[in-house]
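Student: With the sequence up front, the predicted model follows.
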Amino acid sequence: MSTESVDPGHGHSPAAWTSVFIMLIAFLIGTVAFFLDVQWLVWASAGLLVVGLIVGWVLAKAGYGTNGPKYAPKAH
């Protein structure tokens, strides 16, 4: 068993924050649309949720993830 701890970064990266922001907007729109009974907008917000996941994955692959070369962690 290794005694080294590997810090995964906890998602504090531009890729993670962008993805979470898009998904929060999708949930907000979906909740309001569900309350107002606008079915097409509920499904559109579900599509936006998937777009948020894809954007996060693409940005992480482009180097903006926690282990990417374009990410500069801040000292705490």
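Tutor: Alright, I've got the coordinates.

Student: From here on, just use CA atoms for contacts and neighbour counts.
Tutor: OK.

Student: Now do the SS call for the most centrally placed residue in the chain.
Tutor: Ranked by distance to the mean C-alpha position of the chain (CA atoms, centre = their mean), the top residue is residue 19 at 2.2 Å. Three-state call for residue 19 (DSSP: H, G, I helix; E, B strand; the rest coil): helix.

Student: For it, give me its contacts.
Tutor: For residue 19, the contact set (CA atoms under 8 Å, 6 or more residues apart in numbering) comprises 52, 53, 55, 56.

Student: For those, point out the one with the lowest pLDDT.
Tutor: The lowest pLDDT within the contacts of residue 19 belongs to residue 56, with 93.

Student: Identify the residues contacting residue 22.
Tutor: 48, 49, 51, 52.

Student: Mind telling me what element the third one is part of?
Tutor: So that's residue 51. Secondary structure assigned from DSSP states H and E places residue 51 in helix 39-59.

Student: so what secondary structure elements neighbour that helix?
Tutor: For helix 39-59, the contact count by 3 or more CA pairs under 8 Å, 6 or more residues apart in numbering; DSSP states H and E identifies helix 14-35 as packing neighbours.

Student: Grab the CA positions of the helix it packs on and hand them over as PDB.
Tutor: Coordinates of each C-alpha in helix 14-35 appear next as PDB, following Å, rounded to 0.1, in the frame of the first residue of the first chain:
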ATOM      1  CA  PRO A  14     -11.600  26.200 -16.000                       C
ATOM      2  CA  ALA A  15     -13.000  23.000 -17.600                       C
ATOM      3  CA  ALA A  16     -14.800  22.000 -14.400                       C
ATOM      4  CA  TRP A  17     -16.200  25.500 -13.700                       C
ATOM      5  CA  THR A  18     -17.400  26.000 -17.200                       C
ATOM      6  CA  SER A  19     -19.100  22.700 -17.300                       C
ATOM      7  CA  VAL A  20     -20.800  23.200 -13.900                       C
ATOM      8  CA  PHE A  21     -21.900  26.700 -14.900                       C
ATOM      9  CA  ILE A  22     -23.600  25.500 -18.100                       C
ATOM     10  CA  MET A  23     -25.200  22.600 -16.200                       C
ATOM     11  CA  LEU A  24     -26.500  24.900 -13.400                       C
ATOM     12  CA  ILE A  25     -28.100  27.200 -16.100                       C
ATOM     13  CA  ALA A  26     -29.700  24.100 -17.700                       C
ATOM     14  CA  PHE A  27     -31.100  23.000 -14.300                       C
ATOM     15  CA  LEU A  28     -32.500  26.400 -13.700                       C
ATOM     16  CA  ILE A  29     -34.100  26.700 -17.100                       C
ATOM     17  CA  GLY A  30     -35.500  23.100 -16.800                       C
ATOM     18  CA  THR A  31     -36.900  23.700 -13.300                       C
ATOM     19  CA  VAL A  32     -38.700  26.900 -14.400                       C
ATOM     20  CA  ALA A  33     -39.900  25.300 -17.600                       C
ATOM     21  CA  PHE A  34     -41.300  22.300 -15.600                       C
ATOM     22  CA  PHE A  35     -43.100  24.600 -13.200                       C
END
